[in-house]
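**Q** model the following, please.
(chains A and B)
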Amino acid sequence: MSDYPLINDLYSKDITQEPTRAGFGRGLRAAGESDERIVALCADLTESTQMHLFREAFPARFIEIGVAEQNLVTVAAGLARAGKIPFTSSYAAFSPGRNWEQIRTTAALNNQPVKIVGSHAGISVGPDGATHQMLEDIALMRVLPNMIVVAPGDSLEAERATQAIAGNGKPSYLRLARDKTPVFTTPDTPFEIGKAYVLREGKEVTLLGTGTMTYQLLVAAEVLSAQGIEAEVLHVPTIKPLDEETILRSVKKTGRAVTAEEAQAAGGFGGAIAELLSDKLPTPVKRIGMNDRFGESGAPTELLDHFGLTGEKMAVVIQKFITNVPRYHQW
Amino acid sequence: MRTNLTIPQLEEKANDIRKSIIRMLEAAGSGHSAGPLGLADLFTALYFNILSIKPDEPEWPDRDILYLSNGHTVPVQYATMAEAGYFPKEELLTLRKLGSRLQGHPEREKLPGLESTSGPLGSGLSQAAGYAYSMQYMDDIKHRFVYVVMGDGELNEGNIWEAAMFAGKYKLSQLIGFIDRNNIQIDGSTEAVMPLENLKAKWEAFGWEVLEIDGHNLESIIDAASMGRAITNKPVVVIMHTIPGKGVDFMEYDYKWHGMPPNHEQAALALEKLRTLDGKITHEGAGV
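**A** Modelled structure (predicted):
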């Protein structure tokens, strides 16, 4: 067994699907059972963010804030000063979208272990449209000193990640999605903050995914393999801090990198990888994500296809990239 | 900390704190004058009478909690903390200098005794409310209180009213707010920039008990805090009418001094005013 086990039938049409937010709900309840300092606050979206599981289990440790995201994180900062480990939840468009300065000052600079859980991130929010499809949250959060940024790949990993950030003693951002996505990890798959994982080995290109886009990169790698291109796939659930060692080891081998995220391709995860590689191992990088535009209404699967965020569409982009761009050590 | 200082002794302390503020701001060459001078009486009352705190043990678990929401007035807090023994008074002259623990706006991790980091306005009340909620609903703590100092200009911020609604809903009775009602903000008078009145009615509508006092009367400040602690079914806010720049006549009521430090000559003049209580004292006592 690999030290990073994946499910057996990875490319089955019947793969189990579940939203990452569901894993968060279970993870928070489990964290709450093992540590009574954990409390939860929500801004009028308790079931949407799946915080209701915690509220039902620990009603005295849940606080309804109402539609007031600035108050949400600052009340949490006060609770943290009183010795609590507060988890705050809303849609990512509102938290950290609306209350970024409060997060910066009272959680990050103040260095309090406030947990910001942004659900409904990405275009797969679907019919609600661009206002609710948060695409800039990774960029906003990863530039904050002290802040940990995690985008789990599936619901099981979201469950593990929630428990991990509950105990890390740091201000942390957890990025979640509304729509169901394939569950590709198993109950035995590890998760550690700050670790990237090699899901598939190859030597032509390193594909780096964060959040639910990692599964799409696995699909892309399968398509490319059929064309004789062996891609290495890395899952990078922790965007800050990056697992530099694992990433550099892979890119040193392949000489090319492609990133994928359900967010703005500028400033986000792809930006973080490009920064790392330009500093330490200058390498051609192709960033896949939203290209300086907002989303729009539609069904989640339609939108992912429309904006090129499916494995099949990515495979075409990656193939072109490999054909046209030399590896770094061929320069 | 709880001391037995009499009102005249506290008044003397407040005057000493004002002198420290002038010296600090002159040395720093930047910073806010009016607000800190106007708050010297409140901070004297807090640190030498109202708060249950131990300056030699800043993280004493049983302490009362003080949040400074309008962080730009922090020179008054630093000066009072030094007076109370949190750190040596000489350190006050490092205000705003590279490597100093006394940052231009308060940073919790830099200086033991600060409960939070503030400066961007409007976020202190929420944090105080979060702490008070923890005491009242989660930790079964009844004997400790959370105090928060706010400016009046900062009441323009929506975050304040989100917090006011929250504290009102949960009847946070261990939460006591002080508003520095000095009627000035950077662009002019508060009522010209963005009217706050009827301020008392606003807070009452949000479920708060409102007290109105002269913010330079130490007895009134101490009484208001006692009343605040005695009211057990709702949060209490004390609207303190203060004079911006209090104690230095050429700074009083002049909004230009909101965000400006005195230069050397102005500082000397200000210290002279404070040393003689604006001419009321004709002989030199202990002091500067």
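**Q** mind checking how far whichever residue of the stretch 151-300 of chain A sits closest to chain B is from residue A:302?
**A** Per Cβ to the nearest Cβ, residue A:171 is where the stretch 151-300 of chain A lies closest to chain B, at 11.9 Å. Glycine gets a C-beta too; all of them are placed from N, C-alpha and C. Applying Cβ to Cβ, to the nearest Å, the value for residue A:171 to residue A:302 is 36 Å.
**Q** neighbour-wise, which of the two wins?
**A** Neighbour comparison, residue A:171 and residue A:302: the larger count goes to residue A:171, with 29 against 12 (by other Cβ atoms under 10 Å in any protein chain shown).
**Q** which residues touch residue B:232?
**A** When contacts are counted by Cβ atoms under 8 Å, 6 or more residues apart in numbering or on different chains, residue B:232 touches residue B:173.
**Q** quick one: pLDDT of it?
**A** pLDDT, residue B:232: 96.
**Q** can you classify it as helix, strand or coil?
**A** Following DSSP: H, G, I helix; E, B strand; the rest coil, we place residue B:232 in the coil state.
**Q** ditto for residue A:101
**A** Secondary structure, three-state DSSP: residue A:101 is helix.
**Q** what's the answer for the one 10 residues further on, then?
**A** Classification of residue A:111 using three-state DSSP returns coil.
**Q** quick check: phi and psi at it.
**A** Main-chain torsions, residue A:111, degrees, to the nearest 10: phi 50, psi 50.
**Q** by proximity to chain B, which residue of chain A wins?
**A** Here chain A gets closest to chain B at one residue, residue A:78, 2.5 Å apart by Cβ to the nearest Cβ.
**Q** apart from its chain neighbours, what residue comes closest to that residue?
**A** Spatial nearest neighbour of residue A:78, chain neighbours left out: residue B:130 (2.5 Å); criterion: Cβ to Cβ, 6 or more residues apart in numbering or on different chains.
**Q** where's that neighbour, which helix or strand?
**A** Element membership of residue B:130 [criterion: DSSP states H and E] is helix B:124-133.
**Q** so which elements touch that helix?
**A** helix A:69-81, strand B:65-68, strand B:146-151, helix B:158-169, strand B:175-181 (3 or more Cβ pairs under 8 Å, 6 or more residues apart in numbering or on different chains; DSSP states H and E).
**Q** who are the packing partners of the last one?
**A** Translated: strand B:175-181. Strand B:175-181 sits against helix B:124-133, strand B:146-151, helix B:218-230, strand B:236-241, with contacts defined as 3+ Cβ pairs under 8 Å, 6+ apart.
**Q** let me see the contact set for residue 112.
**A** The chain I'm using is chain A. Residues in contact with residue A:112 (Cβ under 8 Å, 6+ apart) are A:77, A:80, A:81, A:106, A:171.
**Q** please go with chain B instead
**A** Residues near residue B:112 by Cβ under 8 Å, 6+ apart: B:58, B:59, B:86.
**Q** could I get these as CSV with neighbour count and distance to residue A:240?
**A** Output for the contacts of residue B:112, formatted as CSV (neighbours: other Cβ atoms under 10 Å in any protein chain shown; distance: Cβ to Cβ, whole Å):
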residue, neighbour count, distance to residue A:240
B:58, 16, 31
B:59, 8, 29
B:86, 21, 35
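**Q** returning to that earlier point: wait, doesn't the residue nearest to residue A:78 sit right on residue A:75?
**A** Yes - in this structure, residue B:130 is within contact of residue A:75 by Cβ atoms under 8 Å, at 3.8 Å.
**Q** so what's the residue count around the residue of chain A closest to chain B?
**A** Using other Cβ under 10 Å, residue A:78 has 32 neighbouring residues.
**Q** kindly report the same for the one 4 residues further on.
**A** The number of residues packed around residue A:82, counting by other Cβ under 10 Å, is 23.
**Q** what's the spacing between it and residue B:127?
**A** Distance from residue A:82 to residue B:127, by Cβ to Cβ: 10 Å.
**Q** now residue B:112
**A** Look at residue B:112 and residue B:127: by Cβ to Cβ, they are 18 Å apart.
**Q** chain neighbours aside, what residue packs nearest to residue A:66?
**A** Excluding its sequence neighbours, the residue lying closest to residue A:66 (Cβ to Cβ, 6+ apart) is residue A:44, at 5.6 Å.
**Q** which residues does the one you found contact?
**A** Residue A:44 makes contact with A:64, A:65, A:66, A:67 under the criterion Cβ under 8 Å, 6+ apart.
**Q** so the third one sits against residue A:43, correct?
**A** Yes - taking contact to mean Cβ under 8 Å, the distance of 6.7 Å between residue A:66 and residue A:43 places them in contact.
**Q** what pLDDT does the model give residue 96?
**A** Here I'm looking at chain A. Looking at residue A:96, its pLDDT is 98.
**Q** chain B, not that one
**A** pLDDT, residue B:96: 97.
**Q** how near is the closest residue to it other than its chain neighbours to chain A?
**A** Once flanking residues are discounted, residue B:96 sits nearest to residue B:28: 4.1 Å by Cβ to Cβ, 6+ apart. Distance of residue B:28 to chain A, given as Cβ to the nearest Cβ, to the nearest Å: 21 Å.
**Q** and if you look at residue B:207?
**A** 14 Å.
**Q** let me see the contact set for that residue.
**A** Here residue B:207 is in contact with B:167, B:168, B:169, B:171, B:234, B:235 (Cβ under 8 Å, 6+ apart).
**Q** quick check: residue A:176 vs residue B:83, distance?
**A** Taking Cβ to Cβ as the measure, residue A:176 falls 49 Å from residue B:83.
**Q** on that earlier part again, pretty sure the residue of chain A closest to chain B is touching residue B:131, no?
**A** Yes - counting by Cβ under 8 Å, residue A:78 does reach residue B:131; the two are 4.2 Å apart.
**Q** mind listing the shared neighbours of these two?
**A** Residues touching both residue A:78 and residue B:131 (Cβ under 8 Å, 6+ apart) are residue B:67.
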